[in-house]
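In: Have a look at this prediction, sequence included:
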Amino acid sequence: MYQDAIWVYWTGGYDSTFVVLNFLIAKRGELTRARIQPVYLQKCDARRNSDIEQETMQEIRETILQRYPESAKYLLPTIFVDCSKVKLDADIQSGMWELYKMKRLRYPKSQYSYIAQAPRLLDHVIDSGAELAPGTCISQNVRPYINKQFMLEPRRTPWYVWIFRGVRFPVVMVTKQQMWDLAKEKGFEDLLRRSWTCRVPKRIGGRVLPCGRCALCKERLVLAVIRITTN
Ligand SMILES: [Zn+2]
């Protein structure tokens, strides 16, 4: 018998890859039978490098299968959500606008709109990799209202943040450095290094390199490994 699966947004990026590996490998002892259900949001953001992200997740899956065959069977096939076909609820649209007007988000509509919507669509709580970091990101907006279950506390959360009530934030108090330290302790830091976050990569010959200068590259402490493409 399996326990109910833990659903996780996975992009192949540093934080979300950590969340997947943390549940799959580091916490395996406590979660002996919980399966991990990754969810990938397609076309939710024009700047996403969907091809590199999907390739990255595939590579990480293959390594997990080789190195942790016992754990690999708990990692379910990814659910892909085509956001171009998803209608956003009115409260999510207005909540995002409110956060944008308050300068607490960079865009009034973004991947965060769909991060809020997808749990309603799939009828399941989904974990986010939003971590403890400065800047106008989702974690800053939700952190003051998070309870012990890593979810928004209904009585205290303002309506414009409450749009994220279907999302769980298990690493909202964890820094990228702490993720790295834990990965190292558990021996999967190479998989974190292989995660991909850069949205403006350089393509030279058949190689794809992280730019090393954008906010996402700087935040991640370690540069992503260079990827070789066939096209
Ligand atoms: Zn970059």
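Out: Good, I have the coordinates.

In: by contact count, what packs against the longest strand belonging to the chain?
Out: Criterion DSSP state E: the longest strand present in the chain is strand 34-42. The contact analysis (3 or more Cβ pairs under 8 Å, 6 or more residues apart in numbering; DSSP states H and E) places strand 34-42 against strand 3-9, helix 50-67, strand 79-82, helix 111-122. C-beta here means a position set from N, CA and C on the backbone, and glycine is covered the same way.

In: Stretch 4-13 spans what distance, first to last residue?
Out: For stretch 4-13, the separation between the terminal residues is 25 Å (Cα to Cα, to the nearest Å).

In: burial of Val171, as a residue count?
Out: 22 (other Cβ atoms under 10 Å).

In: Can you give me the distance of it to Leu132?
Out: Using Cβ to Cβ, to the nearest Å, one gets 8 Å for the distance from Val171 to Leu132.

In: deepest of the helices and strands packed on strand 34-42, which one?
Out: Between the helices and strands packed on strand 34-42, helix 111-122 has the highest mean count of neighbours, a mean of 20, where neighbours are mean count of other Cβ atoms under 10 Å.

In: residue ranges for the helices of this structure, please.
Out: All helices of the chain, identified by DSSP state H, fall at 14-21, 50-67, 69-72, 90-101, 111-122, 138-142, 159-162, 176-186, 189-194, 215-219.

In: what's the closest of those to the ion?
Out: Go through those one by one with Cβ to the ion and the one that ends up closest to the ion is helix 215-219, at 3.3 Å.

In: Only C-alpha atoms, please: export the closest one in PDB.
Out: As requested, C-alpha coordinates have been extracted for helix 215-219 and formatted as PDB (Å, rounded to 0.1, in the frame of the first residue of the first chain):
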ATOM      1  CA  ALA A 215      19.600  36.900 -11.100                       C
ATOM      2  CA  LEU A 216      18.700  33.300 -11.400                       C
ATOM      3  CA  CYS A 217      22.300  32.200 -12.100                       C
ATOM      4  CA  LYS A 218      23.700  34.400  -9.300                       C
ATOM      5  CA  GLU A 219      21.200  33.100  -6.800                       C
END
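
In: looking at it, Ile25 is touching Glu189, isn't it?
Out: No: distance between Ile25 and Glu189: 11.6 Å, which falls outside the contact criterion (Cβ atoms under 8 Å).

In: quick one, which of these two is more surrounded?
Out: Neighbour totals were compared for Ile25 and Glu189, and Ile25 leads with 20 against 17 (other Cβ under 10 Å).

In: residues contacting that one?
Out: The neighbours of Ile25, taking Cβ atoms under 8 Å, 6 or more residues apart in numbering as the test, are 64, 68, 71, 186, 188.

In: of all the residues you listed, which two lie farthest apart?
Out: Taking Cβ to Cβ as the measure, these span a maximum distance of 12.6 Å, between Ile64 and Lys186.

In: Mind listing the shared neighbours of the two?
Out: For the pair Ile64 and Lys186, residues contacting each of them under the criterion Cβ under 8 Å, 6+ apart are 21, 25.

In: Contact residues of the protein facing the ion?
Out: Contact residues of the chain with respect to the ion, defined by Cβ under 5 Å from the ion, are listed as 198, 210-211, 214, 217.

In: For Arg194, find the nearest of the helices and strands packed on strand 34-42.
Out: When the helices and strands packed on strand 34-42 are ranked by distance to Arg194, counting by Cβ to Cβ, first place goes to helix 50-67 at 6.2 Å.

In: Report the mean per-residue pLDDT for the closest one.
Out: Along helix 50-67, the predicted confidence averages to a pLDDT of 93.

In: and that helix, what does it pack onto?
Out: Helix 50-67 is packed against strand 34-42, helix 69-72, helix 189-194, strand 227-228, with contacts defined by 3+ Cβ pairs under 8 Å, 6+ apart.
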